[in-house]
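> attaching a predicted model along with its sequence, questions to come.
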Amino acid sequence: MADPNRIRRLRAQRELIAEHLAWLDAEIEQATGSALAPDAESENLPASPPPVAAANSPLATPPRAETTTPVAAPAKASDELLEELVQEYEAADKPLSKTGCWVIFSTIVAVVVGAAVIVIYAIYS
C-alpha cells in the first residue's frame, strides 16, 4: 500500500545523502591527511555514554519537573498517522486559490493576445 513514487523519492534522497557523506569524508581526509576509521564513517555516536559527573558537582543531577498527570501514549503509530494524512491530502480538492491563479493567468493571456491582434490589425490595415 506504499506509494511507489514516495519510495522512489526516498531512495533518491538516500543516494544523495550517501554521495554527500562520501564527499564530506573525502574533504575531511584531504584536510587532515588521514583516512577516517571505518567505524567513524558508519557511526558518529560515541561507543559508550560520557562519564557521569562527580556526585558533589552542581550539574551532577539535572533538576526534575514534577508532574501530576502521566503522559499518555500516542494513540496511533507515526506511520499510521502519516499514511492517514497522505490519504486525506490526496482526497482533498484542489485549493480554490490554485484555480483562481489559473483563471487570472488565462484572462491576462487572453487580454495580451487580443491586444496584440488589435495592434497588428491597426498597423497593417
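Nice, thanks for sending it over.

> buried sites along the helix or strand hosting Arg9?
In this structure, Arg9 is located in helix 4-32 according to DSSP states H and E. Neighbour counts using 16 or more other CB atoms under 10 Å place no residue of helix 4-32 among the buried ones. C-beta here means a position set from N, CA and C on the backbone, and glycine is covered the same way.

> for Glu27, give its distance to Gln13.
Computed with CB to CB, to the nearest Å, the distance linking Glu27 and Gln13 is 21 Å.

> equivalent analysis for Ala122, please.
55 Å.

> so the chain: which segments form each domain?
The chain resolves into domains spanning 1-43, 95-125 when parsed by automatic domain parsing.

> same for the stretch of helix or strand Val117 belongs to, what does it pack against?
With the criterion set as DSSP H and E, the secondary-structure element containing Val117 is helix 96-124. Using 3 or more CB pairs under 8 Å, 6 or more residues apart in numbering; DSSP states H and E as the contact criterion, helix 96-124 has no neighbours among helices and strands.

> what residues sit buried inside it?
The neighbour-count criterion (16+ other CB under 10 Å) identifies no buried residues in helix 96-124.

> what mean pLDDT would you report for it?
Per-residue confidence for helix 96-124 averages out to 90 on the pLDDT scale.

> go on, stretch 5-17?
Looking at stretch 5-17 alone, the average pLDDT works out to 88.

> send the alpha carbons of it over as PDB?
In PDB, the C-alpha atoms belonging to stretch 5-17 read as follows (Å, rounded to 0.1, in the frame of the first residue of the first chain):
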ATOM      1  CA  ASN A   5       6.700   7.500  -6.100                       C
ATOM      2  CA  ARG A   6       7.300   8.200  -2.400                       C
ATOM      3  CA  ILE A   7       9.600   5.200  -2.100                       C
ATOM      4  CA  ARG A   8      11.500   6.200  -5.300                       C
ATOM      5  CA  ARG A   9      12.000   9.800  -3.900                       C
ATOM      6  CA  LEU A  10      13.100   8.400  -0.500                       C
ATOM      7  CA  ARG A  11      15.700   6.200  -2.200                       C
ATOM      8  CA  ALA A  12      16.900   9.100  -4.400                       C
ATOM      9  CA  GLN A  13      17.300  11.200  -1.200                       C
ATOM     10  CA  ARG A  14      19.300   8.300   0.400                       C
ATOM     11  CA  GLU A  15      21.600   8.200  -2.600                       C
ATOM     12  CA  LEU A  16      22.100  11.900  -2.500                       C
ATOM     13  CA  ILE A  17      22.900  11.800   1.200                       C
END
